[in-house]
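In: what's the 3D shape of this:
(one chain, ligands or ions: 1)
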Amino acid sequence: MTTVMKKLLINSKLVNEGEVKEVDVLIEGERILRIDSGIAASLANEVIDLEGRHILPGLIDDQVHFREPGLTHKGSIATESRAAICGGVTSILEMPNTSPPTTDKVALEKKLKRAEGRSFANYAFYLGATNDNLEEIKRIALGEACGIKVFMGASTGNMLVDDPQVLEKIFTESPLLIATHCEDSPTIWANEESFRKRFGEDVPMEAHPEIRSAEACYKSSSLAVDLAKQCGTRLHVLHLSTARELELFEPGPISEKSITAEVCTHHLWFDQSRYKDLGSLIKCNPAIKSSVDRDGLIRGVCDDLIDVIATDHAPHTLDEKKQTYFKAPAGLPLVQHSLQVLLQLYHEERLSLERIVQKSAHNPALLFQIAERGFVREGYFADLVVVDLCKPQQITAESLIYKCGWSPFEGERFSSSIHMTILNGDVVFREGVSTEEPKGRRLEFKKL
Ligand code: DOR
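Out: Purely as a prediction, here's the structure:
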C-alpha cells in the first residue's frame, strides 16, 4: 500500500525576512515545498484559508527552564513545551540548572532521552559550566548541546562560576557559544546584607531591583564582554535588563557579530513599579528595572544592539512564590504569552512585525546554527505560527497550560491572539486546542 504524503496549502500574509507579503505556502509532509502566489488548490489535499491572518515562522526561544530532572513539581518538559506551542513557540533551548544540574555528557544524554517522545516543541539543551568541569566543556560538540551556560551571577540552582582563572579558561577553550547570566554576586550579597539590617526577613519585594541592582548587572556584563574580547569567545549575554548595558554592544547584523545580546519579554513589558502589585510573581533574576530601562531595551532591539528576544521562562509554584523576600524563588512562567506580549508592543507601535520575527525566529536560528528552521523558506521545516492581530484575548487562569497554574499576565487583555501553530508540518494548536501527541523533535545544527 502506498501512503499519500500530506499536502497542506495555507494562504495569508507572511511576515518573513524583513517583509510582509500576501502568499500561498504549500507544505508537504514536514517541510515547506513552495512559497508562491496562486498555488493551485488541486496540488494540496487540505487547504486552510487563514482569512487575512498573519503567518510567522515559529518562534525559537533560546532561554527556557523546563525543570527536568528533579524539579518537576514546578514544570516538566511535557507541560511547559505544550504551553510553548500554544504560544507559537516551536523550538526551545533549555537551561541546565536542574537537579542534578546538566553539567556533563551523561546528564545531557539522559535529558535528551527524557525529551524524546515527550516534548511538544523541538528542543535542544545547554551544558552548564561549573568551577570544575572544563574538561566536559572542551569535549562537547555542537548538536550534543546548543551552547554552554555560564552563571556569572548566582541565581536559581547553585551554579555560580566565580573563579576568574576558570572563567578565562572556559572563555578561551569552549568549542560552543557561551551564554552568560550576568549579575555580580558580591555586589548583590552586600546589598542583601544592608537590606537585611534594615528590614530583617521582611524586605519588601519593591527592593528587588535595588538588591539585584543595575550596577551588579553592568559590572558582570562588562566583565563578560571584556573577557570575550580578550579570549576571542563567541559570547551571548542573556537577559539584559538595563539601558546602560547597551553601551557594551555594537549595532549591526547578527552574522557579523561575535558578541551578541538577548532581552526577555518581561523586561520589555513590566517596569519596577509593578513590584508593588505583582510582588514576588515578577521576582526574577535579573530584576525588572525602571521604565527608562525598559524603553532603552526596546530601543536597543530596534537599533540592533540587542539581537534576540526570548523568555527565560522559569516556573515556580504559587506556594513557593508566596514566601517572604529571601525565600521566594526568582523566575516566572512566560512562554505561553511571549508572542502576544510582543504583538502588543506592535500594536503600541513600538516594534514592527518584521522586527519581532527577526529577533525571535531568524536570529536565534542563525546564532545557534539551527538547521533549516527559523525562516519560512522552501525546503525548510514547516514550523509556523498564525496570529490574529484583530482578535483580543483576556488571559484567564483556565487557559493556562503551565504545571504551576499561574501567570503574571492573568487578567491582562492582549489585542492579538495565537490562532494556529504548525510544527514539522502538523497543525499542533488551533483556536485554543492543542494536540495530545507530543511531536517535538531534537533540533539539528549545522556549521554555517
Ligand atoms: O529569575 C530567574 N529564574 N533567573 C534565572 O537565572 C534562573 C531562573 C530559574 O531557573 O528559576
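
In: name the element the residue in the stretch 201-350 of the chain that the ligand sits nearest to belongs to?
Out: Nearest residue of the stretch 201-350 of the chain to the ligand, counting by C-beta to the nearest ligand atom: residue 331, 2.9 Å away. Yep, even glycine has a C-beta here, placed from its N, CA and C like the rest. Taking DSSP states H and E as the definition, residue 331 sits outside all helices and strands.

In: Confirm that residue 356 sits in a strand.
Out: No. Counting by DSSP: H, G, I helix; E, B strand; the rest coil, residue 356 is not part of a strand but helix.

In: how about it, what does it touch?
Out: Contacts here follow C-beta atoms under 8 Å, 6 or more residues apart in numbering; on that basis residue 356 touches 15, 56, 309, 339, 342-343, 345-346.

In: okay, now the residue of the stretch 201-350 of the chain closest to the ligand: neighbour count?
Out: When neighbours are counted by other C-beta atoms under 10 Å, residue 331 registers 24.

In: about what we covered before: let's see if you can find the most crowded of the contacts of residue 356.
Out: residue 309 (30 neighbours).

In: Three-state assignment for that one, please.
Out: Residue 309 ends up strand, using three-state DSSP.

In: partner residues bridging it?
Out: Beta-bridge pairing for residue 309 (DSSP bridges): residue 263.

In: mind checking how far the strand of greatest length in the chain is from the chain centre?
Out: Ranked by residue count under DSSP state E, the longest strand found in the chain is strand 46-57. A distance of 25 Å separates the centroid of the chain from that of strand 46-57, by C-alpha atoms, centre = their mean, to the nearest Å.

In: Show me which residues of that strand are buried.
Out: Of the residues in strand 46-57, 47-48, 50, 53-57 count as buried by neighbour count, 16 or more other C-beta atoms under 10 Å.

In: Could you identify the helix or strand that succeeds that strand?
Out: strand 59-64.

In: That next one: how far from the chain's middle?
Out: That offset, for strand 59-64, works out to 3 Å (C-alpha atoms, centre = their mean).

In: now for that strand, which elements pack on it?
Out: Strand 59-64 is packed against helix 77-86, strand 89-94, strand 259-264, strand 308-310, helix 338-347, helix 363-368, with contacts defined by 3 or more C-beta pairs under 8 Å, 6 or more residues apart in numbering; DSSP states H and E.

In: tell me the most buried of these?
Out: Ranked by mean neighbour count, these are led by strand 89-94 with a mean of 30 (mean count of other C-beta atoms under 10 Å).

In: Extract the CA atoms of it and return them as PDB.
Out: The C-alpha coordinates for strand 89-94 follow below in PDB (Å, rounded to 0.1, in the frame of the first residue of the first chain):
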ATOM      1  CA  VAL A  89       7.000  28.900  20.200                       C
ATOM      2  CA  THR A  90       8.000  25.900  18.100                       C
ATOM      3  CA  SER A  91      11.600  25.400  19.300                       C
ATOM      4  CA  ILE A  92      13.200  25.800  22.700                       C
ATOM      5  CA  LEU A  93      16.700  25.800  24.100                       C
ATOM      6  CA  GLU A  94      16.600  24.600  27.700                       C
END
